[in-house]
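Peer 1: coords below, sequence missing:
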């Protein structure tokens, strides 16, 4: 394997434990994909954008381990993350006689990873899959932790499963081809780990933002590694989100409302999360948990990542009401009470409810 | 709870352990459904046949424990066990704001149980459900063990999950309203437990067949209980079918070929399994594992349950070839090799491959 910059982060989940490999040129490294085959076939699932860039390289590499390697190219975009697209995956698996020993490889961003993981969770009641994330957002967040699923017309990720991958292979080289907008979206999830778990990491991000936005290899290597370490720690303690894991949704409650209110795909997920973190920081301040200076600082970092910091107006007549309505549909809501991830002091998060009037005021202040 | 004939069978699966309650008048017993609610809502999922008979009774009972109880009535029949029907379940859950604390109740036969269980496995990445089986087949087999799923046009139960229920409540009274054809179909799965695990139970079934077909309460109570005990033992040892559990598919490899070849719903699942057991017994004999007398005896028991013992001709030109082709698509097939459950001596099963010519000869002999 390439001797430069290979890091391994382990996710400790008993018999579902696995490794995240982070490095350059991993897609063409036979070693990065060893010990995954047990005599079955491989299906690379990718999309129309990523396929021309990396599908051939990965196919060639996998042929050192699998006798039968096929590629399935899905349409690109969050709006395709529904049952109909998933069904084309099942069609492919069944028409090629893929059995329980087959392994799926999710080559792409969060949408490809979520759908491929969910297909693996359900096909013949569960087969193995490997995450090969090619976006920053997927490398630092969505490919790690086993959350898989599809959207329903009435809610995002409403149908899914916890299904851990066999391995995550993050080839940092693939980030070089990302549009700047997607780099920014990925940085939202990187920034997230600072306020919820590691103040030093937030300092580091703040100091390295220009390098990160320019996809400097060393900067990205550290950002991906530290993000995965924090996520691994959280997921290792609470795989199925019965408690702690919910802190990873910092910014996501407001963010999901933005995505749902505008229609999925209008803003990138990371853009909505970036803006959602600003709103969640204001809420934390309104609840007396952090001071105004902290909110301003976090807003500045998010803005410097190229992310929006003002929420869109979703309803000109009752904007706060519309946000509240959408947030009550969130999976984390319980008996209609919205659960917010708030900053409970720098580098520490908590999950709690908040009085409606306080939330409304935050929404009014943060939208334009 | 009714003091008569209440039996409890426990499924030992660590933190997923649960109980099967077997008795009469359980649908109206508040005690049978206690300790399931944690402040969430209840959705009873049933079908057009079962709903008018039992939905009101169960609703009334559940209202002692749940503030909000709703009923969703699905169409009836194996041909409805697909994604579109499942989606009506998700629609209902989302439009009524069901959250992660909600509990689904599967009131009906195997189709309702499989779909409701799979919906529970996937809704918000997993909520709780309770099996309330109202057919003999569901009480002795499909409601126990956590196999859930839907059919795909290219294969039965190809999409699904292992998701254990919180409890199984078998009200023997519901069997009184079963059509005789469905009683026979359920008896196929009862008979199955004899050859694979318990010769004494096969003797008992043979002696009580008339009482079973007439739905005698005592006979059914014992048949359901003993079947559940054997299934609980097998599932407790191998929840996810990595080995032993496959013996529960005795008769199912041939049976699935019959169902797929004729079109699902043409024969009842239990009818196909009954006939499939005869074929699997012949195969066991051809492989030198049991003698001809055992095959004849088992055939007689299956026939006395009102089940078919001759397989249908699926292709007039190459019937054996058609069976083989369909069986190679079975989930248990591995690298195209068909895995058969065979009787390895009375009361003991094994899973193995068999030479194609031997299998072909068995098919030719058993079809008309």
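Peer 2: Arrived safely, thanks for sending. Please read all numbers here as calculations on a predicted model, not as lab measurements.

Peer 1: Up against chain B, what does chain A have?
Peer 2: Contacts of chain A with chain B, taken as CB under 8 Å from any CB of the partner chain, map to A:39-40, A:83, A:87, A:90-91, A:94-95, A:97, A:99-101, A:121-126, A:147, A:149, A:152, A:154-155, A:157-162, A:240, A:328-329, A:331, A:333-336. From N, CA and C alone the C-beta is placed, and that goes for glycine too.

Peer 1: Tell me which entries of the residues you listed lie within helices.
Peer 2: A:83, A:87, A:90, A:91, A:94, A:95, A:121, A:122, A:328 (DSSP state H).

Peer 1: ok, of the residues of chain A next to chain B, which come out buried?
Peer 2: Those of the residues of chain A next to chain B that meet the buried threshold are A:40, A:83, A:90, A:94, A:99-100, A:121-126, A:147, A:149, A:152, A:155, A:157-162, A:329, A:331, A:333, by 16 or more other CB atoms under 10 Å in any protein chain shown.

Peer 1: Show the average pLDDT along stretch A:198-213.
Peer 2: Mean pLDDT, stretch A:198-213: 97.

Peer 1: ok now that stretch, how far from the chain's centre?
Peer 2: Stretch A:198-213 sits 19 Å away from the centroid of its parent chain (CA atoms, centre = their mean, to the nearest Å).

Peer 1: and it, which residues are buried?
Peer 2: Buried-residue list, stretch A:198-213, by 16+ other CB under 10 Å: A:198, A:201, A:202, A:204, A:205, A:208, A:209, A:212, A:213.

Peer 1: Likewise for stretch A:51-62?
Peer 2: Going by neighbour count (16+ other CB under 10 Å), the buried part of stretch A:51-62 is A:51, A:54, A:55, A:57, A:58, A:59, A:61, A:62.

Peer 1: Pick the one among the buried residues of stretch A:198-213 closest to chain B.
Peer 2: Ranked by distance to chain B (CB to the nearest CB), the buried residues of stretch A:198-213 are led by residue A:198 at 26.5 Å.

Peer 1: Could you measure from the residue nearest to that closest one when sequence neighbours are not counted over to chain B?
Peer 2: For residue A:198, ignoring the flanking residues on the chain, the nearest one in space by CB to CB, 6 or more residues apart in numbering or on different chains is residue A:347 at 5.7 Å. Note on residue A:347: its distance to chain B, by CB to the nearest CB, to the nearest Å, is 28 Å.

Peer 1: ok, residue A:347 - how many residues close by?
Peer 2: 16 (other CB atoms under 10 Å in any protein chain shown).

Peer 1: sec struct for it, please.
Peer 2: coil (DSSP: H, G, I helix; E, B strand; the rest coil).

Peer 1: Is it correct that it is in contact with residue A:199?
Peer 2: Yes: if you go by CB atoms under 8 Å, residue A:347 and residue A:199 touch, sitting 3.8 Å apart.

Peer 1: Spit out the contact partners of the residue of the stretch 251-368 of chain A found nearest chain B.
Peer 2: Nearest residue of the stretch 251-368 of chain A to chain B, counting by CB to the nearest CB: residue A:331, 4.7 Å away. Taking CB atoms under 8 Å, 6 or more residues apart in numbering or on different chains, we find residue A:331 in contact with A:155, A:157, A:158, B:99, B:100, B:124, B:125.

Peer 1: Could you rerun that using 7 Å?
Peer 2: Residues counted as contacts of residue A:331 (CB atoms under 7 Å, 6 or more residues apart in numbering or on different chains) are A:158, B:100, B:124.

Peer 1: how about residue A:298, phi and psi?
Peer 2: Per-residue torsions, residue A:298: phi -60, psi -40 (degrees, to the nearest 10).

Peer 1: For the closest residue to it other than its chain neighbours, grab the count of nearby residues.
Peer 2: Using CB to CB, 6+ apart and skipping the chain neighbours, the partner closest in space to residue A:298 is residue A:281 (5.0 Å). Using other CB under 10 Å, the number of residues around residue A:281 comes to 28.

Peer 1: mind checking which helix or strand residue A:281 is in?
Peer 2: helix A:269-286 (DSSP states H and E).

Peer 1: before we move on, what about residue A:234?
Peer 2: In the assignment (DSSP H and E), residue A:234 maps to helix A:217-237.

Peer 1: Mind listing residues that contact that helix?
Peer 2: Residues outside helix A:217-237 that contact it (CB under 7 Å, 6+ apart) are A:5, A:7, A:9-13, A:20, A:22, A:24, A:139-141, A:144-145, A:170, A:172, A:175, A:190, A:193, A:197-198, A:201, A:208, A:211-212, A:244-245, A:247-248.

Peer 1: are any of the residues you listed buried, and which?
Peer 2: Using 16+ other CB under 10 Å as the burial test, the contacts of helix A:217-237 include A:5, A:7, A:9, A:11, A:20, A:22, A:24, A:139-141, A:144-145, A:170, A:172, A:175, A:190, A:193, A:197-198, A:201, A:208, A:212, A:245, A:247-248 as buried.

Peer 1: So which of those are in strands?
Peer 2: A:7, A:9, A:11, A:20, A:22, A:170 (DSSP state E).

Peer 1: circling back: list the buried residues for the helix or strand following the helix holding residue A:234?
Peer 2: Of the helices and strands lying after helix A:217-237 in sequence (DSSP H and E), the nearest is helix A:252-262. Residues of helix A:252-262 classed as buried by neighbour count (16+ other CB under 10 Å): A:252, A:253, A:254, A:255, A:256, A:257, A:258, A:259, A:260, A:261.

Peer 1: quick one: average pLDDT of helix A:252-262?
Peer 2: Averaging pLDDT along helix A:252-262 yields 94.

Peer 1: just the angle between that helix and helix A:269-286, please?
Peer 2: 130 degrees (axes from the mean of the first three to the mean of the last three CA atoms, to 10 degrees).
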